[in-house]
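Q: okay, sequence plus prediction incoming.
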Amino acid sequence: MPEAPRVLIQTLGCAKNEADSRAMEERLGRAGISVVGDVDDADIIIVNTCCFIQSATEESIEAVLDALGFAKDAKRDVRVIVAGCMPARYDQDLEASLPEADGFVPCSEEDDIVDVVCNLAGWIPSCNAQALEQAGPLCAYLKISDGCDRWCTFCTIPKIRGRYHSFSFDDILAQARKLVSAGTKEIVLIAQDTGIWGHDLDGGHDLAWLITHLAEALPQTRFRIMYTEPDGITDDLLDAFERVPNLCPYLDIPFQHVSPHILAAMNRAGSFEELVGLAQRIRARIPHMTLRTTLMCGFPGETEEDFEELIRFVRQGLFDYIGIFAYSPEEGTKAAVLPDQVPEDIKQMRAQELRDEADSVSAQLIAERIGTTSSVLVEGIEEDGQRFGRAESQAPEVDGVTFVDAGDVGTIVDVLIEDTLLYDMEGVLQ
Ligand code: SF4
């Protein structure tokens, strides 16, 4: 019988794809298939693709072509599987355009990854295959649902991922326990929209209930919630932030725009006043809450006045962190065929101007943390011996890091912030 195949997973795109890759890795591990970190050790390369926006699609195609090139030049048998959003979105068109690929696994079928890998490798997992003991990351994403029903007119996710479906509490808790026993110290709950978790399940539970029960069950673990749409910020959820000690006071609320006619054209609700009011309501209730949002500029029909509204919104200084994107028309979306598309150079100019504005507001807000104490998860040591980690106010990958003078990796320590440099902070153990 052939040897168990060794698999490399390359992940493109967002945190949700990271979580999907982690789930595939676990499934493969349980079947006795080793997941390797170096392409030279791999018999099978899985490219977990993203095609949320044009640039992500291009990056994914490049990664797939690189993997196919590697497989072709290798002096041994290497297979390539294209997984994730691209097979979900382009289906048979993708298969026709990539005949060299050995398999296609859309996100909805990633549970079958072990079968696909075993079929390709001609290998049967033995009944007593030992689950591989893999060290988990210190911080891990945990998906609490998949899909989306909102149909924002610029977005392909509802088409790719299907209808919103919450995962059950038992499944989420089981996943969380598994992460914690593998060494994870911070669990980041993610979904296309975390705020409506539970609405499609029996039991009448919501996100506030979920986080309360998860945090109680795993009191030594730090939790964080990302991607909560504005209507998901309920009083019950804010209560949970006040009540639950191991929940980071951090909310990521994507607004996308503040001009009502642009929001309506996006099939989203709200206005400048409503969205500012929401941020003020949160801050009045929980003054130390860190707020992040996402804004998109250059949506079809966006005038200079609409753009000025975005600038005015950023200058309110209500958000610690703001992710800025230039609109990109996605094939098959309603927005792509709207009139009054904004020329590319203007979109990019507006995005850069907004980014500069957001950077200067954020730098000021973050500098105000000097002299305060932050709870920091120490995540690593650089080559020169410098330790770094993330404060409760810093989500992974997007909000910078905190440099600390001491503390064991994997521990959560109190740090007096002494200096900041744009998004990064620096401090000493207290
Ligand atoms: S809420 Fe809108 S932008 Fe977010 S995934 Fe759903 S459709 Fe896309």
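A: Everything's here; your move.

Q: so what secondary structure elements neighbour the lowest-mean-pLDDT helix or strand in the chain?
A: Sorting the helices and strands of the chain by mean pLDDT, DSSP states H and E puts helix 15-30 at the bottom, at a mean of 82. Packing partners of helix 15-30 (3 or more C-beta pairs under 8 Å, 6 or more residues apart in numbering; DSSP states H and E): strand 6-11, strand 34-36, strand 44-49, strand 79-84, helix 113-121, strand 139-143, strand 186-190. All C-beta atoms are positioned from the backbone trio N, CA, C, and that covers glycine.

Q: contact partners of it?
A: Outside of helix 15-30, the residues within contact range by C-beta atoms under 8 Å, 6 or more residues apart in numbering are 7, 9, 11, 34-35, 46, 48, 50, 83-85, 107, 110-111, 113-114, 117, 129, 131-132, 134, 140-143, 146, 178, 188, 190-192, 226, 396-397.

Q: around the residue of the stretch 251-400 of the chain found nearest the ligand, how many other residues sit close by?
A: Nearest residue of the stretch 251-400 of the chain to the ligand, counting by C-beta to the nearest ligand atom: Pro254, 6.7 Å away. Pro254: 18 surrounding residues under other C-beta atoms under 10 Å.

Q: now the closest residue to it other than its chain neighbours: which helix or strand?
A: Closest residue in space to Pro254, ignoring its immediate chain neighbours: Thr294 at 4.3 Å, by C-beta to C-beta, 6 or more residues apart in numbering. According to DSSP states H and E, Thr294 maps onto strand 290-297.

Q: and the helix or strand following that strand with strand 290-297, angle?
A: Tracing the chain past strand 290-297, the next element assigned as helix or strand by DSSP H and E is helix 304-315. Taking axes from the mean of the first three to the mean of the last three C-alpha atoms, to 10 degrees, one finds helix 304-315 and strand 290-297 inclined to each other by 170 degrees.

Q: got the buried residues for helix 304-315?
A: Judged by neighbour count using 16 or more other C-beta atoms under 10 Å, the buried positions of helix 304-315 are Asp306, Phe307, Glu309, Leu310, Phe313, Val314.

Q: just the buried residues from the contacts of helix 15-30, in ChimeraX please.
A: Written as a ChimeraX command, the selection of buried residues from the contacts of helix 15-30, which uses 16+ other C-beta under 10 Å, is:
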select :7,9,11,35,46,48,50,83,84,85,107,110,113,114,117,140,141,142,143,146,188,190,191,192,226,396
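
Q: using the three-state scheme, assign the residue of the stretch 1-150 of the chain found nearest the ligand.
A: Closest to the ligand within the stretch 1-150 of the chain is Cys148: 3.2 Å, counting by C-beta to the nearest ligand atom. Secondary structure state of Cys148, per DSSP: H, G, I helix; E, B strand; the rest coil, is coil.

Q: ok, now how distant is Glu426 from the ligand?
A: Glu426 sits 35 Å away from the ligand, going by C-beta to the nearest ligand atom, to the nearest Å.

Q: make 667 the starting number, not 1.
A: Okay, residue one is now 667; in that scheme the one you just asked about reads as Glu1092.

Q: contacts for the helix or strand that contains that residue?
A: Taking DSSP H and E as the definition, Glu1092 sits inside strand 1090-1095. Residues outside strand 1090-1095 that contact it (C-beta under 8 Å, 6+ apart): 1032, 1035, 1040, 1042, 1057, 1060, 1066-1073, 1079-1086.

Q: near the ligand, which residues of the stretch 867-1016 of the chain?
A: Residues of the stretch 867-1016 of the chain lying close to the ligand (C-beta under 6 Å from any ligand atom) are Glu895.

Q: out of the contacts of strand 1090-1095, which are buried?
A: The buried subset of the contacts of strand 1090-1095 (16+ other C-beta under 10 Å) comprises 1032, 1035, 1040, 1042, 1057, 1060, 1066-1070, 1073, 1079, 1081, 1083, 1086.

Q: biggest separation within these, which pair?
A: Using C-beta to C-beta, the pair of the buried ones among the contacts of strand 1090-1095 lying farthest apart is Ile1032 and Gly1073, separated by 20.6 Å.

Q: leaving out the residues flanking it, which one is nearest to Asp707?
A: That would be Arg672: by C-beta to C-beta, 6+ apart, it lies 5.7 Å from Asp707.

Q: next up, the contacts around that neighbour.
A: Ile699, Ser700, Val701, Val702, Asp707, Ala708, Asp709, Ile710.

Q: ok, what's across the strand from the residue lying closest to the fourth one once chain neighbours are set aside?
A: Counting by C-beta to C-beta, 6+ apart, Val702 lies nearest to Arg672, which is 4.9 Å off, once chain neighbours are set aside. Going by DSSP bridges, Arg672 is paired in beta bridges with Ser700.

Q: all helices for this protein, in order.
A: Along the chain, the stretches classed as helices by DSSP state H are 681-696, 720-739, 751-763, 779-787, 823-827, 835-847, 873-883, 901-909, 926-931, 938-951, 970-981, 1010-1033.

Q: neighbouring contacts of the last one?
A: Among residues not part of helix 1010-1033, those counted as contacts by C-beta under 8 Å, 6+ apart are 961, 963-964, 968, 973, 976-977, 980-981, 983, 985-988, 990-993, 1008, 1086, 1088-1089, 1091.
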